[in-house]
Every structure is written in C-alpha cells, then in structure tokens.
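S.K.: Below: sequence and its predicted model.
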Amino acid sequence: MISEQPGYAYDNALAEQRERLRTLEALFDAGTIAELEARGVGPGRHCLEVGAGGGSIAMWLADRVAPDGKVVATDLDTTVLDGLSHPNLEVRVHDVLEDDLAVGEFDLVHLRLVLGWLGDRRAALRRLVGVLKPGGWLVAEDLDFASAVPDPRMGAQRCARFERIVEAHHAVIAERHGYDPGYGRRLAGDVEAAGLADSGCLGRASMWRGGEPGGEIWRLSLEQLRDGIVDSGLLDAADADAAIELCADPGFSSLSPIMMAAWGRRPL
Ligand SMILES: C[S@@+](CC[C@H](N)C(=O)[O-])C[C@H]1O[C@@H](n2cnc3c(N)ncnc32)[C@H](O)[C@@H]1O
C-alpha cells in the first residue's frame, strides 16, 4: 500500500519503491551531476542533500568533496540511505518543513523531486537558504508535466489510453497528496523569491520509451498509484491495467516531463 497521507505518496520501504528510486536516478543523475559540476562543487565542501531517496547523488557528492568535505543526506524515510556507507556521508532522518539544521553550515544544498510534494514550498526554500554559508549555492530540481504527452506514432488509441492515465495520475497525486504536477514552471520564481543571487534555470526533457527507464518510471509509479486511480473513478480497473501495461510495451513512446533545475547563491 502506498501512503494515504498528504505529502509524499510512495513508501521507501517497499521493494517496488526502491526500484522506482533507482529508476529516477538512472533517468536524472547525469543531468543533476552536470548542474552540480557547473556550480563548482569540489574537495573540502560541505553539502546537504535533502530528500536524498536512494542516495546516488549523496554518494556522488561524498566522493567529490573527499577527503576533507562532508555530505549530510536527509530524508523523512532513510530506509535506503541507511544501507549506504561512505566516510564522508552522514545520514539523518529529517523533515525539511519541521526539523532544524545548523544555520550557515553548507556550501551547497541540493534537492530533487522533493519540493513538489511539500505543503509550503517557499517556507522550505527559505529554511534551506538559511543553512547556506554566504556565497553557498542552492540547486533545486523538480518536474513540470506540461510536456508529458504521447508520441503520435503510437496511434490514436494508445495515445488516448496514455493521456487518460496521465490525467488520472495528476488528479490523484494532486488531490490526495498535494503534489503540483506543474511545479517545475514555478521553481525558478520560488528560488529567486527566497533571496538568492546569481540565479538561473534550465529544463531537460527527452523521449521516454517502453522497456527503458522512462517507460519503467511510468509503470512503477502508476502501479503503486493504481488503486487510488481506480478508487477515484477516473479510470476503471481494466483501463488502468491496460495503460500500465502499455508503459512496459517496447512500442510505448512519450515525451518526458521537463526536469527543471533552478539555482542561486546566498549573497555574500
Ligand atoms: C521522488 S523521491 C526523490 C529522491 C531523490 N531526491 C531523487 O531525486 O532521486 C522524494 C524523496 O523526498 C523525501 N521527502 C518527502 N517529503 C520530505 C520532507 N518533508 N522532508 C524530507 N524528505 C522528504 C521522500 O521520502 C523521498 O525519499
């Protein structure tokens, strides 16, 4: 069962969610690493990875800042992170909306696919700006599903099937969990409003296909949300199952959501 509570929909303790986290990493780590490299993260830096999930970026950062830097990786649920081991990595159970962190401690704060799930995203950003050292960078990444449309070459029937489940997906995670599927378009404005200087943003998108990580992320997400989608009455069980099967079909092809990266630094 996935969570019925407002906030993050998935349960990191479930095997299928661990697979989902690994698939997110396969899809997005290369772009994230390019953004972090562009901000100049290197040896000796102190970094905070918020909502670290499966931990691949936290581990990359830990290697990158070695031998004298450190990385604090936080999450509401550290089930997967607890299995990681690195001399420069500290894992903390931490709610970014509630729990304190030392002010002015970090050279870099990164978070990916976290803000979209939060009730008060601007408050979370303000808290994270507070933990940066003067001159330290914040890099935030989140999706905008505006571009999540099927490839017309799949044919009208399969396109319509995918469009219906995407619509139901958005409705269920918005209504039950407070997730904003269009948060990517707001992210850069929120980062600027948090008082950061030298801000900028860049979106990344690609084609997602069945049997590849893109089709798999749709399948793994929709399988876990399936009962909520059917309960919502937006799709019946047969249509939901057929759409989930479509995402695994080698003929499946869709434009991905945009992964928006936005950054800025705490003024000196
Ligand atoms: C979609 S996963 C992304 C994981 C990882 N950042 C990535 O992109 O691969 C979102 C993660 O944020 C965590 N999370 C959700 N709400 C949070 C909160 N209020 N404070 C800290 N972590 C949170 C979840 O437990 C989950 O591990």
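M.R.: The structure has been received and is ready for your questions. Numbering: from 1, shown residues only.
S.K.: What confidence value was assigned to the residue of the chain found nearest the ligand?
M.R.: Closest residue of the chain to the ligand, C-beta to the nearest ligand atom: G53 (2.3 Å). Bear in mind the C-beta positions are built from the backbone N, C-alpha and C, glycine included. G53 is assigned 97 on the pLDDT scale.
S.K.: number of nearby residues for the residue lying closest to it once chain neighbours are set aside?
M.R.: Spatial nearest neighbour of G53, excluding adjacent residues (C-beta to C-beta, 6 or more residues apart in numbering): L21 at 4.7 Å. L21: 20 surrounding residues under other C-beta atoms under 10 Å.
S.K.: tell me the secondary structure for L21?
M.R.: Look at L21: counting by DSSP: H, G, I helix; E, B strand; the rest coil, its state is helix.
S.K.: Tell me who's in contact with it.
M.R.: Counting by C-beta atoms under 8 Å, 6 or more residues apart in numbering, L21 makes contact with N12, G53, G54, V80.
S.K.: tell me which of the residues you listed is nearest to A73?
M.R.: If you rank the contacts of L21 by distance to A73 using C-beta to C-beta, G53 comes first, at 9.2 Å.
S.K.: wait, doesn't that closest one sit right on Y8?
M.R.: No. Using C-beta atoms under 8 Å, G53 and Y8 do not qualify as a contacting pair, with a distance of 9.8 Å.
S.K.: of these two, who's got more company?
M.R.: Applying other C-beta under 10 Å to G53 and Y8 shows that G53 carries more neighbours, namely 28 against 23.
S.K.: which stretches of the protein form strands?
M.R.: Ranges of strands in the chain, per DSSP state E, are 46-50, 70-75, 89-93, 106-112, 132-144, 197-204, 207-209, 253-255, 258-265.
S.K.: Tabulate those strands in JSON lines, adding columns for mean neighbour count and distance to the ligand.
M.R.: Below are the strands of the chain laid out as JSON lines (neighbours: other C-beta atoms under 10 Å; distance: least, C-beta to the nearest ligand atom, whole Å):
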{"stretch": "strand 46-50", "mean neighbour count": "25", "distance to the ligand": "6"}
{"stretch": "strand 70-75", "mean neighbour count": "25", "distance to the ligand": "5"}
{"stretch": "strand 89-93", "mean neighbour count": "17", "distance to the ligand": "9"}
{"stretch": "strand 106-112", "mean neighbour count": "25", "distance to the ligand": "4"}
{"stretch": "strand 132-144", "mean neighbour count": "22", "distance to the ligand": "7"}
{"stretch": "strand 197-204", "mean neighbour count": "16", "distance to the ligand": "13"}
{"stretch": "strand 207-209", "mean neighbour count": "17", "distance to the ligand": "16"}
{"stretch": "strand 253-255", "mean neighbour count": "20", "distance to the ligand": "19"}
{"stretch": "strand 258-265", "mean neighbour count": "23", "distance to the ligand": "9"}
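S.K.: Need the ones you listed in TSV (columns: mean pLDDT).
M.R.: As requested, the strands of the chain are exported to TSV (pLDDT from 0 to 100):
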stretch	mean pLDDT
strand 46-50	98
strand 70-75	98
strand 89-93	98
strand 106-112	98
strand 132-144	98
strand 197-204	98
strand 207-209	98
strand 253-255	98
strand 258-265	98
